[in-house]
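Peer 1: would you be able to build a 3D model of this:
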Amino acid sequence: MTTTSLSLRVCLDARLVGGTSGGIESVVIGMTGALSRLMDGQVTYLILAYPDAHEWLKPFVSGACSLLFTRKPAPPQYSNAQSRTVRLARTVADMVVPLLGPSAIRVPRSDGTIEKAGVHVMHFLFQSGFLTEIPSIYHPHDLQHIHLPQFFSPRIRLKREMLYRGLCQQARMVAVASGWSKCDLIQHYGLGEDKVRVIAWPPVVEQYPQPTIDQLQMVKRKFDLPERFVFYPAQTWPHKNHLALLEALAILRQKYSLCVSLVSSGRLYKPFFYTLQQRAHTLQIADQVRFLDFVSPLELMSLYALCRCVVVPTKLEATSQPVAEAFWVGAPVACSNVTSLPEQAGDAALIFDPNRPGEIAEAIRRLWIDDALCQSLVARGKRNIERFSWERTARIFRAHYRRIAGRPLAEEDRALLLSLPEY
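Peer 2: Predicted coordinates for the structure are as follows:
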């Protein structure tokens, strides 16, 4: 067999606009950076991106990776009168499309970019994707529209259902980050045990710059940070459950006379962000809360280093990047007891019911006043996260790329394919 026939071209989907996609963006950065450092001369990686929306990813693209550009759909331009018509049409579609059923939803097809590039395996790193004859790996991440349907319109629920099912059916392999997610997909979509593989996402902060003392002070001044604060890095989506966190702060103030500050980074999802602002004012804790919007990698690392603790009250996660990042950086953690989080946290975090603000408040109070507890949790978190690395994750996926493309497997590949999942 010739060297040319052994070569493998893998394409990773990175069609995102930087600063808008939260944990999914971190996954793309982590995989791109790790694969860039895998140099074996036989596998090359094309990073599918938009030509005007790839600057956020460029620092992590090198070595075996290079960018492959595809056309970005042009956003429609509407006048004020047309915008009102579009809003009305969407309202009607929300009602009508579910009545029409699956035939009203079409899963997008490849525009031919990856086929022209001679790609052998397509890796869809997030829920979006397209139909193609090229063998693929797909990450549905979570089935939030099934578990929390109240956060989606009927049309969006149907759209997600058709997209996820279609891309799962097409894929040679469906990848998830936890055992809980695997069981959930098998239960709801009837996928085979062998088709769904558990491969954990390490924290992407291992690839971020470490802030200096001067940089920490600069971040403190820029955001006017208090000396002590609770940190929650999460976009203001309803399921992230900032509302319960605000309620917990009010309980701490009323019941324990503790004025605990909250700092939250992540894109401000405007419709719900206004609800959070209003609730903070109603609870009379607006002066304790800072929503920073999207922050840079250096600023994120600084916030982890400066915070008293990280609190993750989410209602649903396939796996939590903030929990993993806090473990890696060395911040004590309290998190929800839902979905994959107890499995991920183990004994390294305080656990609470996200639907009970009183439990969240008690977890924060303990971390706020108990230095010994915080030190113990940090040590356990370090031990927890030492199991993972982006290099190992990249090598596992490289083994699957070779397997799916029918390429010969090295001894290391076979061992990695047989290794037990971490979660």
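Peer 1: flag every buried residue along the host helix or strand of Met162.
Peer 2: Assigned by DSSP states H and E, Met162 falls within helix 154-170. Of the residues in helix 154-170, 155, 157-168, 170 count as buried by neighbour count, 16 or more other C-beta atoms under 10 Å. C-beta here means a position set from N, CA and C on the backbone, and glycine is covered the same way.
Peer 1: buried stuff in stretch 260-274?
Peer 2: Residues of stretch 260-274 classed as buried under the neighbour-count rule (16+ other C-beta under 10 Å) are 260-269, 272-273.
Peer 1: quick one: low-confidence parts of the stretch 1-150 of the chain?
Peer 2: 1-5, 74-104 (pLDDT under 70).
Peer 1: quick one: the strands in it?
Peer 2: 8-13, 43-49, 65-69, 121-124, 136-138 (DSSP state E, counting those that start in this stretch).
Peer 1: can you tell me which of those is most buried?
Peer 2: strand 121-124 (a mean of 26; mean count of other C-beta atoms under 10 Å).
Peer 1: that strand pairs with which strands, and in what direction?
Peer 2: For strand 121-124, the paired strands and their directions (DSSP bridges) read strand 8-13 (parallel), strand 136-138 (parallel).
Peer 1: want to throw these into TSV with distance to Gln144?
Peer 2: TSV is the format used below for the strands paired with strand 121-124 (distance: least, C-beta to C-beta, whole Å):
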stretch	distance to Gln144
strand 8-13	20
strand 136-138	16
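Peer 1: outline the domain layout of the protein.
Peer 2: Per automatic domain parsing, the structural domains of the chain span 3-72+102-202+389-418, 210-385.
Peer 1: returning to that earlier point: ok, residues contacting whichever helix or strand comes after the helix holding Met162?
Peer 2: The C-terminal neighbour of helix 154-170 among helices and strands, as given by DSSP H and E, is strand 173-176. By C-beta atoms under 8 Å, 6 or more residues apart in numbering, the surrounding residues in contact with strand 173-176 are 137-141, 168, 182, 185, 191, 195-199, 318, 397, 400, 404.
Peer 1: any idea how far the very next helix or strand once past strand 173-176 is from the middle of the chain?
Peer 2: Note on strand 173-176: by DSSP H and E, the next helix or strand toward the C-terminus is helix 179-189. Put simply, helix 179-189 sits 18 Å off its chain's centre (C-alpha atoms, centre = their mean, to the nearest Å).
Peer 1: do I have it right that Ile251 meets Ala361?
Peer 2: Yes - assessed by C-beta atoms under 8 Å, Ile251 is found in contact with Ala361 at 4.1 Å.
Peer 1: neighbour-wise, which of the two wins?
Peer 2: The neighbour count for Ile251 versus Ala361, taken as other C-beta atoms under 10 Å, is higher for Ala361 (25 against 20).
Peer 1: please, where are all the strands along the stretch 251-400 of the chain?
Peer 2: Under DSSP E, counting those that start in this stretch, the stretch 251-400 of the chain gives strands at 262-265, 289-293, 309-312, 333-336, 350-352.
Peer 1: hang on, the earlier thing: reformat the strands of the stretch 1-150 of the chain as JSON lines; add distance to Pro233.
Peer 2: Shown next, in JSON lines, are those (distance: least, C-beta to C-beta, whole Å):
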{"stretch": "strand 8-13", "distance to Pro233": "23"}
{"stretch": "strand 43-49", "distance to Pro233": "24"}
{"stretch": "strand 65-69", "distance to Pro233": "26"}
{"stretch": "strand 121-124", "distance to Pro233": "24"}
{"stretch": "strand 136-138", "distance to Pro233": "26"}
